[in-house]
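**Student:** structure, please.
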Amino acid sequence: MKAVVLVKQGPADKAFEIQEMDKPAIKPHEVLVQVDAFGLNFADVMARLGYYEDCPPLPAIIGYDVVGTIDEVGTEVSHLKKGQRVMALSRFGGYAEFVATDARAAVAIDASISDGIATALATQCGTAYYCAEEMVRLHPGDHVLIQAAAGGVGSALVQMAKHRGCIVYGTASTKKQDFLRSLGVDHPIDYRNTDFEEVIKKQRGGEGLDVIFDSIGGQSVKKGLKLLGHGGRIVLYGAASMTDTNKNIFKMIKVGTGFGLHSPIKFLKNSQSMMGVNMLRIADHRPETLKRSLEGAVKMAQDGILTPHIGGEFKVDQIAEAHEFLASRKSMGKVVVSWK
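**Tutor:** Reported below is the predicted structural model:
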């Protein structure tokens, strides 16, 4: 099989090579998927730049979400069969023509679902579902802030929050404000030209936010906590601000300290909570929870609640361009790479 291998950290045009490799062997609880397309995620950019501690030692095949056809089924798997079209999450290995994954991380999908949407349903929508449906409970009238609301996870969170009847505040760059409005964001915030903390304080008066979903990290978290109301919850699922440091140790320290130091006493006094999300840990230690999240995302798409937006489509020999596009933060929605 062919695989896109991360051979070195750094610029995308020098980081990857397409190599011939053996097909992975599957374990009894796994399936082997012949991959038609795979998605890109910000964690992939972090791995390429050397910021992602979970990345395997180089050379490595990274990538989490794929869409394709089951080529082989493990002896302990009964709910899937060879020849079925599936979207699936893998613990790396997704940038390849074949990938082995836990059968609980694969969900059968209809042929009418495009490759791009299928990959978005796996990582972006699966993550959003876990954040919004498993970690917190959203209620009508809740005031919810979604950072990077035009991204893959962010746009899915917007749709889920609107489905629950929430009032949504969403941050994005200047060029993405119309896209936020099209998603139903009640209060689009241009983070390049305004301070989201000041904007929301002005809009909310003395009232705080009920829920914050933050994929940025650093100062964004510290500011968000100032906006959180009594009984509020902040869910952290990324640290995109690390990519702006260019591995400058002083900038990295600044981002790290930007999160702030937090005493549990404050959370107790205000009945607040801060929650972290790492879907790799859920996949490793709570596979049934992962399965429920993926199936829930697919069900929401089938019911018309979720409509993933495809931000860019590339061929496999354009992997460098795809990575640079995602890292530039110009994309809106899912970036997908096809073997076809």
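**Student:** rest of the way, CA atoms for contacts and neighbours
**Tutor:** OK.
**Student:** ok, residues contacting the helix or strand hosting residue 198?
**Tutor:** Assigned by DSSP states H and E, residue 198 falls within helix 196-204. Helix 196-204 is contacted by residues 171, 189, 190, 223, 224, 227 when judged by C-alpha atoms under 8 Å, 6 or more residues apart in numbering.
**Student:** now do the helices in the stretch 201-340 of the chain.
**Tutor:** Taking DSSP state H, counting those that start in this stretch as the test, the helices found in the stretch 201-340 of the chain are 219-227, 249-258, 264-270, 279-285, 287-302, 319-327.
**Student:** could you dump the contacts of helix 196-204 to TSV with distance to residue 99?
**Tutor:** Listed next are those as TSV, based on distance: C-alpha to C-alpha, whole Å:
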residue	distance to residue 99
171	35
189	40
190	39
223	41
224	39
227	43
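**Student:** how about those residues in TSV, adding neighbour count?
**Tutor:** Below are the contacts of helix 196-204 laid out as TSV (neighbours: other C-alpha atoms under 10 Å):
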residue	neighbour count
171	25
189	26
190	18
223	17
224	23
227	24
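**Student:** ok, which pair from those residues is furthest apart?
**Tutor:** The largest separation in those, counting by C-alpha to C-alpha, is between 190 and 227 at 17.2 Å.
**Student:** buried set for the helix holding residue 198?
**Tutor:** By 16 or more other C-alpha atoms under 10 Å, the buried positions in helix 196-204 come out as 196, 197, 200.
**Student:** please work out the average pLDDT along stretch 86-103.
**Tutor:** In this model, stretch 86-103 carries a mean pLDDT of 96.
**Student:** may I have that stretch as PDB, with CA atoms only?
**Tutor:** C-alpha atoms of stretch 86-103 as PDB (Å, rounded to 0.1, in the frame of the first residue of the first chain):
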ATOM      1  CA  VAL A  86     -17.700   3.200   6.900                       C
ATOM      2  CA  MET A  87     -16.300   6.300   8.400                       C
ATOM      3  CA  ALA A  88     -13.800   5.500  11.100                       C
ATOM      4  CA  LEU A  89     -11.400   7.000  13.600                       C
ATOM      5  CA  SER A  90      -7.900   5.500  13.900                       C
ATOM      6  CA  ARG A  91      -5.200   6.000  16.500                       C
ATOM      7  CA  PHE A  92      -2.900   7.400  13.800                       C
ATOM      8  CA  GLY A  93      -2.200   5.600  10.600                       C
ATOM      9  CA  GLY A  94      -5.000   7.400   8.700                       C
ATOM     10  CA  TYR A  95      -2.700   8.900   5.900                       C
ATOM     11  CA  ALA A  96      -2.600   5.500   4.200                       C
ATOM     12  CA  GLU A  97      -4.500   3.400   1.600                       C
ATOM     13  CA  PHE A  98      -5.300   0.900   4.400                       C
ATOM     14  CA  VAL A  99      -5.700   1.400   8.100                       C
ATOM     15  CA  ALA A 100      -6.500  -0.900  11.000                       C
ATOM     16  CA  THR A 101      -8.800   0.400  13.700                       C
ATOM     17  CA  ASP A 102     -10.900  -0.800  16.600                       C
ATOM     18  CA  ALA A 103     -14.300  -1.900  15.200                       C
END
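**Student:** need the contacts of helix 196-204 in TSV with pLDDT, can you?
**Tutor:** Output for the contacts of helix 196-204, formatted as TSV (pLDDT from 0 to 100):
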residue	pLDDT
171	97
189	97
190	96
223	94
224	93
227	96
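**Student:** closest to residue 299 among those residues?
**Tutor:** Of all those, residue 299 sits closest to residue 171, with 27.0 Å by C-alpha to C-alpha.
**Student:** I'd guessed that closest one sits against residue 189; true?
**Tutor:** Yes - proximity of residue 171 to residue 189 meets the contact threshold set by C-alpha atoms under 8 Å, at 4.7 Å.
**Student:** quick one: contacts for the closest residue to residue 31 other than its chain neighbours?
**Tutor:** Distances taken as C-alpha to C-alpha, 6 or more residues apart in numbering put residue 73 closest to residue 31, at 4.6 Å, once the chain neighbours are dropped. Contacts for residue 73 (C-alpha under 8 Å, 6+ apart) come out as 28, 30, 31, 32, 80, 81, 82.
**Student:** which ones are touching the last one?
**Tutor:** Put plainly, it is residue 82. Contacts of residue 82 (C-alpha under 8 Å, 6+ apart): 69, 70, 71, 72, 73.
**Student:** could you single out the nearest of these to residue 140?
**Tutor:** Residue 140 has its nearest neighbour among these in residue 69, at 39.4 Å by C-alpha to C-alpha.
**Student:** excluding chain neighbours, what is closest to that closest one?
**Tutor:** Distances taken as C-alpha to C-alpha, 6+ apart place residue 85 nearest to residue 69, at 4.4 Å, with adjacent residues excluded.
**Student:** same question for residue 90.
**Tutor:** Distance criterion C-alpha to C-alpha, 6+ apart; nearest residue to residue 90, sequence neighbours excluded, is residue 64 at 4.8 Å.
**Student:** doesn't residue 99 make contact with that neighbour?
**Tutor:** No - between residue 64 and residue 99 there is no contact, the gap being 9.9 Å when judged by C-alpha under 8 Å.
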